[in-house]
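# My questions concern the predicted model and sequence given below.
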Amino acid sequence: MSAVSVSWSEGSWTHEPVQVETDGEDLLVTAAEGSDAWRTTSYGFVHDSEHALLRPLDRKGAVEVTFTVAFTDQFDQAGVFLRASATQWVKAGVEHVDGAPSVGVVATRDRSDWSAFPVPSWAGRRVTVRASRSGDAVTVRVRVDDEPFVMIRVLPLDPDLEVEAGPFVCAPSRSGLTARFHSWEVSPADAALH
């Protein structure tokens with residue numbers, strides 16, 4: 001079974017963005033200043049104000065989101081969000097960190113962790129983030145333009161949890177960030193880890 005496109009109208013926002021509009025097939029989402037998702041670790045605060053457009057994800061399903069990396073300010077970010085509850089969620093995508101795009105994942109189960117790796121050559125390019133849920137794990141893969149997917153993270157997730165997933169954007173440090181999303185697709189889970 002191949003990927004199926006998800007209409008932008010099929011999801012519900014965790015927190016309403018400042019503005020949402022379509023441009024042809026693309027969805028343009030303007031984030032509120034200070035929007036973010038994080039719980040406690042290192043910084044000591046809880047932010048629960050991300051703009052995530054979510055719909056249910058099958059227990060053996062995958063979600064893919066494609067967007068353009070057009071970030072300029074510290075912690076501008078977009079990608080895929082998987083949410084089981086306010087204290088258990090995953091965000092995976094690209095974030096502007098210390099002057100350059102970084103690919104990364106924040107996995108949260110009461111407290112957040114964060115892995116990030118600089119990808120400065122991805123600025124201005126299309127990135128696809130894929131999160132595949134199977135058994136007790138989520139496997140996150142990314143690709144830039146039409147290059148092959150690479151695995152960046154495998155993380156645990158209770159197989160019995162009901163999870164919603166879809167695109168997200170946050171602007172922790174500024175106003176005026178508008179993310180351009182090109183597609184949102186669902187498909188069966190990846191057949192293998194490698």
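Received the coordinates, thanks. Numbers count the residues shown, from 1 in each chain.

# Give the buried residues for stretch 70-88.
Buried residues in stretch 70-88, defined by neighbour count with 16 or more other Cβ atoms under 10 Å: 70-71, 75-84, 88. Where C-beta positions appear, they are placed from N, C-alpha and C, glycine not excepted.

# Least confident secondary structure element in the chain?
strand 46-48 (a mean of 92; mean pLDDT, DSSP states H and E).

# pLDDT wise, what is the closest residue to residue 48 other than its chain neighbours at?
Nearest residue to residue 48 in three dimensions, chain neighbours excluded: residue 86, at 5.9 Å (Cβ to Cβ, 6 or more residues apart in numbering). The confidence metric pLDDT takes the value 95 at residue 86.

# Can you get me a residue count around residue 156?
Using other Cβ atoms under 10 Å, residue 156 has 11 neighbouring residues.

# check contacts around the residue nearest to residue 135 when sequence neighbours are not counted.
Of all residues not flanking residue 135 in the chain, residue 159 sits nearest, at 5.8 Å (Cβ to Cβ, 6+ apart). By Cβ atoms under 8 Å, 6 or more residues apart in numbering, the residues touching residue 159 are 59, 135, 136.

# quick one: secondary structure of residue 159?
coil (DSSP: H, G, I helix; E, B strand; the rest coil).

# which non-adjacent residue is nearest residue 103?
Nearest non-adjacent residue to residue 103 (Cβ to Cβ, 6+ apart): residue 119, at 5.1 Å.

# Tell me how far the residue most central in space within the chain lies from residue 44.
By Cα atoms, centre = their mean, the chain has its centre lying nearest to residue 80, at 2.0 Å. Using Cβ to Cβ, to the nearest Å, we find residue 80 at a distance of 26 Å from residue 44.

# any idea how far residue 24 lies from residue 129?
Counting by Cβ to Cβ - residue 24 and residue 129 are separated by 21 Å.
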